[in-house]
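Visitor: Fold the stuff below for me.
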Amino acid sequence: MNGSLSDGNENIIDIFVLSSSISESPVQAGFLEKMGYRITFFSDSNQLFESLRSGKPNLLICDSVTLNEEAYNL
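Guide: Here you go, the predicted model:
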């Protein structure tokens, strides 16, 4: 995980991305981070579920192309 979730008192928008590979992800993290978004990549759903127990992102993106059924099940 790239950092802790926002506590709600700051203007940071958290985006979680579930993808099998950062390099193959359709999300352009560098571009979004320059715009002030905090991007956190997960390579499997178990890691993502653990993080969701401690807080929710503003947006969750699941890459169904590289993860196939796992992304749809989430």
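Visitor: Show me the longest helix that occurs in the chain.
Guide: Longest helix in the chain by number of residues (criterion: DSSP state H): helix 45-54.
Visitor: how far away is residue 54 from residue 40?
Guide: Per CB to CB, to the nearest Å, residue 54 is found 12 Å from residue 40. From N, CA and C alone the C-beta is placed, and that goes for glycine too.
Visitor: neighbour count winner among the two?
Guide: residue 40 (19 against 9; other CB atoms under 10 Å).
Visitor: where are the low-confidence patches of the protein?
Guide: 1-10, 24, 26, 64-74 (pLDDT under 70).
Visitor: Do you have the strands of it handy? List them.
Guide: 13-18, 37-42, 59-62 (DSSP state E).
Visitor: by contact count, what packs against the first one?
Guide: Just to be clear, that refers to strand 13-18. If you count contacts as 3 or more CB pairs under 8 Å, 6 or more residues apart in numbering; DSSP states H and E, strand 13-18 packs onto strand 37-42, helix 45-54, strand 59-62.
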